[in-house]
Structure formats: C-alpha cells, structure tokens
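Kindly generate the corresponding structure for this input.
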Amino acid sequence: MIIALSVMSSDLWAQVDNPNALPTSNPDPPRVQSELFAVPEIESTWQDLLSNVHSLEDWRDHRQTLRRRYLDLIRDQFKPDRVPLDLEVEEAVIVDGVYERRLVSYQVELNERARAYIGIPCDAEDNHSLPGIVALHGTFAQGIEQAAGLVDNPEKAYLDHLCRRGYVVIAPEHFVSGSRIPPEGPYDTTKFHERHPNWTSVGKFTYEHSIAVDVLASLPQVDPERLGAMGHSLGGQGTMFLAAYDERIKVAAGNCAAAFFRHNPDVLEWSRDRWYVYFKPLRAGLLEGEMPAIDFHEIMALVAPRAYLDVAGLNDGTPATQRQRALMLLEVSKVWELENRPQDFAFFLHGMGHSVPHETRALIYAWLDHRLKPPDDTTPRLVRPTPSPE
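Okay, here's the model as predicted:
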C-alpha cells in the first residue's frame, strides 16, 4: 500500500483529498486498434491433443492410439467375461399416472448382481420408438433412490425428471452403494481390489454402466439408436468414461465431473490409499511425479463426433485448476471441428459450485432433447394468425 501511494500522480492525490475533484488530465493510456486479423493464439498445455494432427485422417489415426491408452488406464484387459443378464423385476409401481418405475436386478459378473431403477412412460408402446438415457448418480449411499426422487435432494432425481420428459431411463447403482455396500462402508473399494487386484474402480463402474446400456437397449420400448447418458459429480465422471467407452451412447452430458490429472494439486486423490480408489495402479508413478499417458481432454475427445456437453463450476474445487478447464475445453472443441460437427460439443462454466441447479439441469435436458427426440418436439414455430370472428 505504501509503495502504491508513492507513485500516485498529483491528479490522483487531489482526488484523495477531494473525491469530487476532476483530474486535470486523462490517466488512462490510449488504446489503438490491433492489426487486422492479428488475433493472438491462446496457448496452453492442452494443445498436445492435436500437436501432430493436421487433418481428419490424422485425427482418426491418433484416436486409435488414444483409445488404446484409455483402455490401458482403466485396465480394461482385466475385466471379467460378459455373463447373461438374467434380468429380474423385483417391484413395479406407477408414478403419478405418468411412468412405471421398476426396481430390477441383473448379473454383472458371475455370482454378482447389480440393481437399477428403470422408468418407462405409461404411454410407451413396444415398438422401439422412445429414446433411452443412462442416468448416473453421484457419491451417495442410496444413489438409485436419490435418482428416482425417493430420498435426499429432488434436484438430483434425474430418472423422475427424464421419464416425465418422455424418456425411458435406467439409473444403475454404483458398485459400492445401495444393496452392494461393502462391510467397510459406502464407496470403500478395499474388497473390490482384493477380488480384482489388477483392475480399476473406473474400469469396473464403466464396464457395469455399459452393461446397463445392454439392459436399456434390450427394452422393447427403446430405440437402441437413440441412447444418451448424463450424471452429476461421480456420475458426471462416469458419463465421460462411459461415452468414451461405449459408442452406443450417442449423446452425453456430464455435470461437475472432477478435475483432470495435470494442473491439479490434488492429483494423488485419483490414486489415494484409502476409501474410494479410482486408479490404484497409478499410485507409484504419481508419487514420483509421473503423469498417466492420457488425460481428460483426450478421453473426452474420444466421444467425437457424438454429442458431448461438459458443465462445471469454476468455483468447484481449486479455482486455478478449474480455470484450466476452460482452456482444456477450448482445445477439445477443435476435435469436433475436425469432424465437421462443431454443434455437437459445448461447455457451460458457472459460479454455482458443486451443484446441479435449475439452469444447469434445463441445459442438460435440452441438450439431450435436441439430439434424441424427433425434430418436431424441439423446433419452434411461428404463431398462426387467428381468424377474426365474423
């Protein structure tokens, strides 16, 4: 403060003594127009996504490399063989005369079953005509009950919201929640890693979410060519991982997914030594300062040219880290431009923290509607003149 005061002009000193005094000269430096087309390039570390890519053909070749790195990150090679679904309906109720909510279970591994809620609009017919959504809950012990609107925060009742909008929805439980909470407590992955020492939690939940896509696509009311995914928090992460993994997902929207690996002071949380461990094999490298061979901008880019929306709070976690998200997303958008589908990638950054308030839900649902519903459902029309009575 003392240094700042020592360099104040006499005009500004006059204003300190008399706030109503006008300066005797303009203190602002003149501004000049920049040269035509001389727009400075925005540089960031995220540019490695396309550093050696100069064409769509180059990108598609590079995409194969990124997919291999992604599958290695989640240790997909250690997943178990697919088993028959053996789908069972445990209960069914009609909600407000609008949709039927079914509690179902199905096999995800040999001798291991998952539960999910499925919502089907009451006016649905068995003619594969409705779009389907995989709705992924966040880190909440009774996650599918939350998604169904039965407990906790109604802002997170995605199954209820989307069924009322005309979707068939499946809300699968996370593998350490609900009916499958381990003895150590909700979201503790100790027992999982004892059973699968070479696999990852992200690999496990992504594989199970892909099985939920199997269930959804098998329903007679669902058009298997019009499937989407959405989720918040852990469900937002799951949405990105699932869309990159399973190309049956044509539209995805992730809300408040966690920060990436680089520019993240908490990067070790991705491979912590307690509770929920995302990527256990990464820990030794992260402790030595080694980053994984792939980061979130490259995983997100694997979704292209299918539609992807990223929604995040700039004040959700470390602000400096989340501001890197804007630079990351600007670079990711270039992949959709290469694919000639720039309209199918978007992001919304806000100041509402780790939340899913009305405006973000409305944006996510509209994103899904525009791409999964018939054009007549989302196309505005001019008002037709009403004839005057004679």
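
Return the backbone torsion pair for Leu227.
Here is the backbone geometry of Leu227 (degrees, to the nearest 10): phi -120, psi 140.

Which of the three states applies to Ile170?
strand (DSSP: H, G, I helix; E, B strand; the rest coil).

hey, what's it bridged with?
Beta-bridge pairing of Ile170, defined through DSSP bridges, involves Ile118, Val134.

Surely it and Leu136 touch.
No: applying CB atoms under 8 Å, one finds Ile170 not in contact with Leu136, separated by 9.8 Å. Any C-beta I mention is one placed from the backbone N, CA and C, and that applies to glycine too.

Could you pull out the strands in this structure for me?
Using DSSP state E, the strands of the chain run over residues 88-95, 99-109, 112-121, 130-136, 168-172, 222-232, 249-255, 307-313, 345-350.

for these, which one sits closest to Leu66?
Nearest to Leu66 among the strands of the chain is strand 307-313 (14.8 Å), distances taken as CB to CB.

List the buried residues in the closest one.
Buried positions in strand 307-313, judged by neighbour count with 16 or more other CB atoms under 10 Å: 307-313.

Of those, which is the nearest to Asp377?
The closest of those, once distances to Asp377 are taken by CB to CB, is Ala307, at 16.2 Å.

I'd say the closest one and Phe345 touch.
Yes: using CB under 8 Å, Ala307 makes contact with Phe345 at a distance of 7.3 Å.

and stretch 85-98, how far out from the chain's middle?
Distance, stretch centre to chain centre, for stretch 85-98: 27 Å (CA atoms, centre = their mean, to the nearest Å).

wait, I meant stretch 249-269
Relative to the centre of its chain, stretch 249-269 is centred 8 Å away, using CA atoms, centre = their mean.

again, but for stretch 355-366
Centroid separation for stretch 355-366 versus its chain: 12 Å, with CA atoms, centre = their mean.

got the contact list for it?
With contact meaning CB atoms under 8 Å, 6 or more residues apart in numbering, stretch 355-366 is reached by 155-156, 161-162, 165, 230, 232, 253, 255-256, 309, 311, 313, 348, 350, 352, 378.

What's the ChimeraX line that selects buried ones from those?
Buried residues among those (16+ other CB under 10 Å), as a ChimeraX selection:
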select :155,156,161,162,165,230,232,253,255,256,309,311,313,348,350
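
Could you tell me which residues make contact with the residue nearest to Val151 when sequence neighbours are not counted?
Distances taken as CB to CB, 6 or more residues apart in numbering put Glu145 closest to Val151, at 4.7 Å, once the chain neighbours are dropped. Counting by CB under 8 Å, 6+ apart, Glu145 touches 151-152, 178.
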